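Student: sharing a model prediction with you, sequence too.
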Amino acid sequence: MAPNRDTSFLQSFTKNTTTNVNQKPSRLSVETLQRTISDISFQLISQETLTNSDKSNKNDNVLPPISEVPAEDAKCECCGMSEECTPQYVKKIREKYCGRMICGLCSEAVKEEMDKNGGKSREDALQAHVNACAKFNRLGRAYPVLCQAEAMRDILRKNRAKSLSPRDKAGANEKKCGIARSSSCIPAITKDMNMNTQKMV
């Protein structure tokens with residue numbers, strides 16, 4: 001009888017464990033139901049707001065499509081680059097930059113020029129940038145190597161002017177010549193060598 005008892009015990013144990021694994025607690029089904037209701041209500045509310053906003057947008061001022069806004073080619077008066085702009089934008093830029101039409105790159109360069117020179121007026125910064133562009137268009141495009149050499153020369157001049165070495169400041173007015181010394185150091189070295197050799201002997 002022992003074998004029958006063992007098999008019946010094992011069969012009842014396996015039935016209990018498999019039924020417990022497959023069954024989910026009842027609160028999980030309630031949580032799932034609540035989550036589903038929440039998701040559906042969120043979708044319904046979002047659809048209602050979208051339809052309401054679409055209706056209100058139709059009633060409000062609607063922006064015209066881009067194709068209906070007239071665009072014109074505006075040429076930058078500094079660098080010569082042309083870009084498509086609306087007349088309102090061109091008017092705004094001309095008012096901002098003393099009646100000149102300049103592109104976005106040149107406007108950033110003008111801002112940098114203003115910052116670089118300690119709050120220089122916009123007119124002065126614009127004139128400095130126009131002069132730099134005119135110089136570049138005259139020489140830089142035709143002779144790029146010459147323009148690069150001139151830029152390197154300017155960089156070296158600026159670095160030389162900013163030098164903090166006291167020798168550079170003291171000797172700026174003097175004309176520099178070769179090495180200046182009062183006497184040669186060779187006799188002092190040979191004298192020391194002679195004294196050392198005499199002590200050894």
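Tutor: Arrived safely, thanks for sending. Residues are numbered from 1 along each chain as shown.

Student: contacts, neighbours, all on C-alpha from now
Tutor: Will do.

Student: what's the first helix or strand after the worst-scoring helix or strand of the chain on mean pLDDT?
Tutor: When the helices and strands of the chain are scored by mean pLDDT, DSSP states H and E, helix 2-22 comes last with a mean of 55. Sequence-wise, the next helix or strand downstream of helix 2-22 (DSSP states H and E) is helix 26-59.

Student: and after that following helix, which helix or strand comes next?
Tutor: The C-terminal neighbour of helix 26-59 among helices and strands, as given by DSSP H and E, is strand 72-75.

Student: mind listing what the helix or strand just after that next one pairs with, with the direction of each?
Tutor: Per DSSP H and E, the first helix or strand lying C-terminal to strand 72-75 is strand 82-85. When sheet partners are counted by DSSP bridges, strand 82-85 sits next to strand 72-75 (antiparallel).

Student: show me which residues of the strand it pairs with are buried.
Tutor: In terms of neighbour count (16 or more other CA atoms under 10 Å), strand 72-75 has its buried residues at 74, 75.

Student: what's that strand in contact with?
Tutor: The contact list for strand 72-75, computed with CA atoms under 8 Å, 6 or more residues apart in numbering, reads 81, 82, 83, 84, 85, 86, 87, 90, 101, 102, 103.

Student: count of residues packed around residue 30?
Tutor: Using other CA atoms under 10 Å, residue 30 has 11 neighbouring residues.
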